[in-house]
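[1] requesting a structural model of the entry that follows:
(one chain, ligands or ions: 1)
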Amino acid sequence: MTTAQFGKIDIDRLHIQLGKGKRRFEALHDVSMSIAPGEFVCVLGPSGCGKSTLLGAVAGHLPASEGSVHVDDAAVDGPHPDRGLVFQHHTLFPWKKVLDNVAFGLKMKGLARGERHQRARNLLKLVGLEGFEHCYPAHLSGGMQQRVEIARVLINHPRVMLMDEPFGALDAQTRLKMQELLLEVWAGIKTTILFITHDIDEALFLADRILILSPRPGRIIEEIKLEFPRPRGPELVTSLQFTEFKRHCLALLHPEAKVRPLERLSPLGAPNLTDIQFAI
Ligand SMILES: Nc1ncnc2c1ncn2[C@@H]1O[C@H](COP(=O)(O)OP(=O)(O)OP(=O)(O)O)[C@@H](O)[C@H]1O
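    You can find the predicted model right below:
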């Protein structure tokens, strides 16, 4: 596993207002956080709380109303290929073959055809799509299209990957496979990942740290550090610690369910059964 040098994100007292005139409202309120190079951070929060807005601010698509966003100490003031975006719905060019979709970023940089195709092939291998270089996106499954998306972003060697519910449209089994694939790829390249999801299990499985946002206007209400050992596999989701953390997240995100948050999450590797008194 490599150690990342780049991809530090600093968000300082960020406020974002959206809409115009009387419809103007605050989407994010006083959000501050720092993400270390190579860290995997997931953001969870209720629908409409501003998760995509936060991602949009780091991407440079949405200006701060107050506060700032820095990546590697440079102020974010617009989009940059150093910050790659992956969405739920793919943005592949339907008229281009897989290889040309992935190589597109390098074409923009002026690299020769042979070089860009070679790099695209390497990345397609990394995401398990060797042999599909000459297919058109429409001939691939949803999971395969998301693999192409990931390769397409990785070809720019981004310092930061911004992922907005990238697996939200996939069936449960494909989603799990994609999560494992993403962890494998990330372990190799160690780019910083900021990942938005609605799915508590997904966040717990993937992240080093989870940030939970309040309902609109979004602000950080809790930060959960996860030290589940890596590499992580499907058995993790059935462990006692995983369940504890899941119940804790549920309590914060779905107060109507009256799941009580744990006062103290038991330390990883040392489950304490007396902690599992989830009064409902
Ligand atoms: N361009 C815009 N103009 C006005 N309102 C907007 C705009 N974009 C988003 N909103 C509103 O801002 C709020 C935050 O939106 P955002 O998409 O960031 O939330 P989210 O947490 O990602 O939601 P979801 O989980 O449902 O995708 C929502 O209430 C949304 O309706």
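[2] what about the helices in this structure?
    Assigned by DSSP state H, the chain shows helices spanning 51-59, 98-108, 113-126, 142-154, 172-189, 200-206, 240-253.
[3] looking at those, which is nearest to the ligand?
    With Cβ to the nearest ligand atom, the closest approach to the ligand among the helices of the chain belongs to helix 51-59: 3.4 Å. Glycine gets a C-beta too; all of them are placed from N, C-alpha and C.
[4] re earlier: export the helices of the chain to CSV and tack on mean neighbour count, distance to the ligand and mean pLDDT?
    Shown next, in CSV, are these (neighbours: other Cβ atoms under 10 Å; distance: least, Cβ to the nearest ligand atom, whole Å; pLDDT from 0 to 100):
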stretch, mean neighbour count, distance to the ligand, mean pLDDT
helix 51-59, 23, 3, 96
helix 98-108, 21, 25, 92
helix 113-126, 17, 28, 94
helix 142-154, 23, 17, 92
helix 172-189, 17, 17, 91
helix 200-206, 22, 13, 97
helix 240-253, 19, 11, 92
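[5] including distance to Thr91, could those helices go into a markdown table?
    Below are these laid out as a markdown table (distance: least, Cβ to Cβ, whole Å):
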| stretch | distance to Thr91 |
| --- | --- |
| helix 51-59 | 13 |
| helix 98-108 | 9 |
| helix 113-126 | 16 |
| helix 142-154 | 7 |
| helix 172-189 | 17 |
| helix 200-206 | 21 |
| helix 240-253 | 29 |
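[6] wait, which of these is closest to Pro234?
    Pro234 lies closest to helix 172-189 among these, at 6.7 Å (Cβ to Cβ).
[7] and the angle from the closest one to helix 113-126?
    Angle of helix 172-189 versus helix 113-126, following axes from the mean of the first three to the mean of the last three Cα atoms, to 10 degrees, is 120 degrees.
[8] identify the residues contacting helix 172-189?
    Contacts with helix 172-189, where a contact means Cβ atoms under 8 Å, 6 or more residues apart in numbering, come from 1-2, 40, 126-128, 141-143, 146-147, 150, 154, 166-167, 170, 193, 202, 205-206, 230-234.
[9] burial count for Ile11?
    Neighbourhood size, Ile11 [other Cβ atoms under 10 Å]: 23.
[10] for it, give me its contacts.
    31-34, 54, 57-58, 67-70.
[11] tell me what it is bridged to.
    Beta-bridge pairing for Ile11 (DSSP bridges): Met33, Val69.
[12] now it: how far from Ala74?
    Noted for Ile11: a distance of 14 Å to Ala74, by Cβ to Cβ, to the nearest Å.
[13] for the helices of the chain, which one sits closest to Pro81?
    Taking these one by one with Cβ to Cβ, helix 98-108 is closest: 6.4 Å.
[14] give the burial count for Thr192, as a bare number.
    Thr192: 26 neighbours (other Cβ under 10 Å).
[15] Ser34 is in contact with that one, correct?
    No: counting by Cβ atoms under 8 Å, Thr192 sits too far from Ser34 to count as a contact (11.0 Å).
[16] hey, what's in contact with both of the two?
    Listed contacts common to Thr192 and Ser34 are 8-9; contacts here mean Cβ under 8 Å, 6+ apart.
[17] out of the contacts of Ile11, which comes closest to Gln118?
    Nearest member of these to Gln118, counting by Cβ to Cβ, is Val58, at 30.8 Å.
[18] so who does the closest one touch?
    Residues counted as contacts of Val58 (Cβ under 8 Å, 6+ apart) are 9, 11, 69, 71, 76, 83, 160, 162, 194.
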